[in-house]
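K.L.:
Structure of the sequence below:
(4 chains)
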There are 4 protein chains.
Amino acid sequence: MYTLPKRLGAEFLGTLLLLAIVIGSGVMAENLSEGNNGVALIANTLATVFGLYILIEVFGPVSGAHFNPVVTLSMVILKRQAASEFLPYVAVQLAGAFFGAILVHQMFDMELLQFSEKARTGWGIWTGEIVATAGLLLVILMAKQERVSGMVACYIGAAYWFTSSTSFANPAAAFGRQFSNSFAGIAPADVPAYVVFEIIGGLLALVLYKAFSANESVTTSQAPNPAA
Amino acid sequence: MYTLPKRLGAEFLGTLLLLAIVIGSGVMAENLSEGNNGVALIANTLATVFGLYILIEVFGPVSGAHFNPVVTLSMVILKRQAASEFLPYVAVQLAGAFFGAILVHQMFDMELLQFSEKARTGWGIWTGEIVATAGLLLVILMAKQERVSGMVACYIGAAYWFTSSTSFANPAAAFGRQFSNSFAGIAPADVPAYVVFEIIGGLLALVLYKAFSANESVTTSQAPNPAA
Amino acid sequence: MYTLPKRLGAEFLGTLLLLAIVIGSGVMAENLSEGNNGVALIANTLATVFGLYILIEVFGPVSGAHFNPVVTLSMVILKRQAASEFLPYVAVQLAGAFFGAILVHQMFDMELLQFSEKARTGWGIWTGEIVATAGLLLVILMAKQERVSGMVACYIGAAYWFTSSTSFANPAAAFGRQFSNSFAGIAPADVPAYVVFEIIGGLLALVLYKAFSANESVTTSQAPNPAA
Amino acid sequence: MYTLPKRLGAEFLGTLLLLAIVIGSGVMAENLSEGNNGVALIANTLATVFGLYILIEVFGPVSGAHFNPVVTLSMVILKRQAASEFLPYVAVQLAGAFFGAILVHQMFDMELLQFSEKARTGWGIWTGEIVATAGLLLVILMAKQERVSGMVACYIGAAYWFTSSTSFANPAAAFGRQFSNSFAGIAPADVPAYVVFEIIGGLLALVLYKAFSANESVTTSQAPNPAA
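P.N.:
Okay, here's the model as predicted:
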């Protein structure tokens, strides 16, 4: 078990790099794709899938590799993480998300501090965000531990395309992406609703997980908790 | 062993999500790809491969992760599934497929109930559908259990491109896709023939499987049945 | 150990499907990509990588999953396969390759019997074909057995792009692709040179393999022979 | 343990093939993609990810599969490699990188000896190169040994997109790519700064690695050293 400072360091650095990957690959993709957003989102998807797999592999053994307040919340609800660690985890996730956006702007010679103007709102997109987050949590909770990194990465790769919200599925991601007026951005005014529907999606996943896993003979053969 | 209601729940939810992934990523891909259907099908392929892998991993231990009446039929023929479970399995697969289409329309602000106008017919495409389904079943039957999720996903990724029918290979998929007038749709009038040729493909796979596996020393080292 | 007829059946069916995947995905990709051959080759690459992985997984335990006369030749040279089986293996590989092309034409409503008009010749391309085949054989010979399917698939995925010949690396593939006047075709007049340089590449790989593997402590921890 | 000449042979051949893959797939991608550099970089990315995975799998057991002076330097600093082997390793890596470029030009009928005119300079790109190299080393040092090949490959696949420098992350790559006036090239005048910032990134990774791994109970369960 790692000390709390080390785990918080891993959550900070991991979330920073996750946002750098999501936003940075979006900037590069938009720069190169001559206005074909299909090509840009394919590139954004591949970079995110590859990067998320790596980040969970590298930081999973340290902090559980949540990088996501809804994941931490679920672990607290399931008593796999101490409730007292919830706020510190979320604080460093948000801080990491912010600095991930800043790092991208430094790398790509953009204004360091900026705000997105991309509207992402409406019941269609909100339904998408519920589905996206419910799916993510269900994957995390039902995955075999040695496959969880690849499964989360592949899930997000699918959800970028099949949900109308392009699957943020993560309040820290929504928080960080408002600070970049680029391909992956979201207008600050649209962040709160995203967070609400992400939490709803997470709770929905807990209900589904309980429904499927209330089965003695199965819970023992599952080991879905990288954080405990 | 999970109870039948749980297994039916897994087949319903898994088929719903499978269709949501296939149809939803098609909608997103068509929206973004500026008329280049090559780009759109690459996106549709990646989303399907990633999503199918996840769905089989998540629901495989619960219900066998068929999501497909031809797969269930084969398992019954091979006596790996009770014949009495065939109709319940197929019923929830079809219901899941229908609601997967509806969910996509809700997420993307489209008319909830619609019918595809995309013609998919003719001997070329029907041959493609026989090949697609035969290949899918052969992969499922000959795969090592711990690799079956990735293998089915990769197989469909290849078959989207090398078969002329873009490989539905699944009567529940054909059923659900008629309810979406989008990239992945199929006109209702063309569904029955698809189902017939998918069943033919499935039976062909059983013949090939028997031909290769009638070998004592091999059957013991193979464990291709996620449903038993 | 499977009987020879079963192994020949696996080589026939596997090579047939390999060529169907390579040629068929090329036809589909060219139809959809609006003249952007970069998009078409990305699609062709993904389909080939996914398909090759599956074919080696499915047929590897039966026949070794050569699908390639240069691979069979190498196995005979290394005494991992009986010399008497060389000609039968090559015969069914060539027959499978031919019928793979025919199957594609049936699926895509094309003239069943046709000949490619695509010139593939010159020292640049021939150098590419030596490199492509040497690399393929080196990967097969040095791979750990449980990873060989994915490694061969990934290798070909890279070689489609980094060799100037788009990496046929297989005399049976060259033979079959001459029968399709489509994206993946090769003019019949250019096939013999391809075969010669593929054999040269294969022999080069054997030399390199011997150079690296002549090391007692290592050969025991390597198990690179799917055919024995 | 392999003899030094064999290990140097593996580093030479591996770095040669790595550069052939990176540069060659760039040439092919640019030739085919009709000016859409998004499509070209997706192709370049897939070829590099597939190829790097293979090269580390094949040559890792022989030489550690560094192919990169910063990796070798880190291994020397961590006392996992003899300091006396540093210069020989770097010498064959640079020679391999040079001949990788030459091989590409031979395969694609280009002028064998050429110099890139592509400017890659400025604080944005340099920051990108620090991030790229720090991330690469952190992945190598923290990966479980049986996953290191796939993880390095996926990391580079992400870093091609999320860093502004397209992630050379390797002085040997920078050295070799100056000899090709093509998609993956770099003007010779810009190479020295790349090397400096790559070394800075590597040292940064060592600091981070020490910070996370100074934990007795963890170091034993980690086996991140393919070179020892």
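K.L.:
Now the residue positioned nearest the centre of chain A, what are its backbone angles?
P.N.:
Chain A has residue A:170 as the residue nearest its centroid, 4.3 Å off, counting by CA atoms, centre = their mean. Note on residue A:170: its backbone torsions stand at phi -160, psi 110 [degrees, to the nearest 10].
K.L.:
Just the helices from chain A, written as ranges.
P.N.:
Applying DSSP state H to chain A gives helices spanning A:4-32, A:37-63, A:69-77, A:86-107, A:123-142, A:148-162, A:171-177, A:191-213, A:216-219.
K.L.:
Which among the ones you listed is found nearest to residue B:116?
P.N.:
Among those, the nearest to residue B:116 by CB to CB is helix A:148-162 (17.7 Å). Where you see a C-beta, it was placed from the backbone N, CA and C, and this is true even at glycine.
K.L.:
quick one: that closest one near chain B?
P.N.:
Yes. In terms of CB under 8 Å from any CB of the partner chain, part of helix A:148-162 sits within range of chain B, namely A:151, A:154-155, A:157-158, A:160-162.
K.L.:
Could you list which of those also contact chain D?
P.N.:
Counting by CB under 8 Å from any CB, nothing from the residues of helix A:148-162 next to chain B sits close to chain D.
K.L.:
where does chain A dip in pLDDT?
P.N.:
Regions of chain A meeting the criterion pLDDT under 70 cover residues A:214-228.
K.L.:
could you redo the last one with a cut-off of 90?
P.N.:
Chain A contains residues with pLDDT under 90 at A:1, A:212-228.
K.L.:
In it, which residue sits closest to chain C?
P.N.:
Residue nearest to chain C within chain A: residue A:39 (8.2 Å; CB to the nearest CB).
K.L.:
got the contact list for that residue?
P.N.:
Residues near residue A:39 by CB atoms under 8 Å, 6 or more residues apart in numbering or on different chains: A:29, A:33, B:33, B:39, D:36, D:38-39, D:42.
K.L.:
Pull the number of nearby residues for the nearest residue to residue A:159 once chain neighbours are set aside.
P.N.:
Distances taken as CB to CB, 6 or more residues apart in numbering or on different chains place residue A:167 nearest to residue A:159, at 3.5 Å, with adjacent residues excluded. Number of residues near residue A:167 (other CB atoms under 10 Å in any protein chain shown) recorded here: 24.
K.L.:
ok, now which ones touch residue A:167?
P.N.:
Residues A:128-129, A:132, A:136, A:156, A:159-160 are the ones in contact with residue A:167 under the rule CB under 8 Å, 6+ apart.
K.L.:
Which two of the residues of helix A:148-162 next to chain B have the greatest separation?
P.N.:
Spatially, the most separated pair among the residues of helix A:148-162 next to chain B is A:151 and A:161, at 16.7 Å (CB to CB).
K.L.:
Pick out whichever of those two has more residues nearby.
P.N.:
Each of residue A:151 and residue A:161 has its neighbours counted (other CB under 10 Å); residue A:161 has more, 27 against 22.
K.L.:
State whether that one and residue A:45 are indeed in contact, as I suppose.
P.N.:
Yes. Between residue A:161 and residue A:45 a contact is recorded at 7.1 Å, counting by CB atoms under 8 Å.
K.L.:
Which neighbours do the two have in common?
P.N.:
With CB under 8 Å, 6+ apart, residue A:161 and residue A:45 have common neighbours B:43, B:46.
K.L.:
need the contact list for the residue nearest to residue A:108 when sequence neighbours are not counted.
P.N.:
Sequence neighbours aside, residue D:164 is the residue nearest to residue A:108 in space, at 4.8 Å (criterion: CB to CB, 6+ apart). By CB under 8 Å, 6+ apart, residue D:164 lies in contact with A:24, A:28, A:107-109, D:124-125, D:127-128.
K.L.:
rerun at 7 Å
P.N.:
With contacts defined as CB atoms under 7 Å, 6 or more residues apart in numbering or on different chains, the neighbours of residue D:164 are A:107-108, D:124-125, D:128.
K.L.:
nearest residue to residue A:200 other than its sequence neighbours?
P.N.:
Closest residue to residue A:200 apart from its sequence neighbours, by CB to CB, 6+ apart: residue A:130 at 5.5 Å.
K.L.:
Tell me the spacing between the one you found and chain D.
P.N.:
Between residue A:130 and chain D the distance is 27 Å, computed by CB to the nearest CB, to the nearest Å.
K.L.:
Pretty sure residue A:199 is one of the things that residue touches, is it not?
P.N.:
No. If you go by CB atoms under 7 Å, residue A:130 and residue A:199 don't touch, sitting 9.5 Å apart.
K.L.:
quick one, which of the two is more surrounded?
P.N.:
residue A:130 (24 against 16).
K.L.:
Residue A:76 versus the more buried one, what's the distance?
P.N.:
20 Å (CB to CB, to the nearest Å).
K.L.:
what does chain A put close to chain C?
P.N.:
When proximity is defined by CB under 7 Å from any CB of the partner chain, chain A lies next to chain C nowhere.
K.L.:
need the residues of chain A near chain B, please.
P.N.:
Residues of chain A lying near chain B (CB under 7 Å from any CB): A:36-39, A:41-42, A:45, A:122, A:124, A:127-128, A:131, A:138-139, A:142-143, A:147, A:151, A:154-155, A:157-158, A:161-164, A:212, A:215, A:218.
K.L.:
among those, which ones are buried?
P.N.:
For these, a burial check counting by 16 or more other CB atoms under 10 Å in any protein chain shown picks out A:36-39, A:41-42, A:45, A:124, A:127-128, A:131, A:138-139, A:142-143, A:147, A:151, A:154-155, A:157-158, A:161-164, A:212.
K.L.:
what about stretch A:56-68, near chain D?
P.N.:
Yes. Stretch A:56-68 reaches chain D (CB under 7 Å from any CB) through A:57-58, A:62.
K.L.:
could you dump those residues to CSV with neighbour count?
P.N.:
Listed next are the residues of stretch A:56-68 next to chain D as CSV, based on neighbours: other CB atoms under 10 Å in any protein chain shown:
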residue, neighbour count
A:57, 24
A:58, 24
A:62, 23
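K.L.:
Identify, from those residues, the entry nearest to chain D.
P.N.:
residue A:58 (4.8 Å).
K.L.:
quick one: contacts for that closest one?
P.N.:
Applying CB under 7 Å, 6+ apart, the residues contacting residue A:58 are D:138-139, D:142.
K.L.:
Against chain B, how distant is it?
P.N.:
Counting by CB to the nearest CB, the gap from residue A:58 to chain B is 21 Å.
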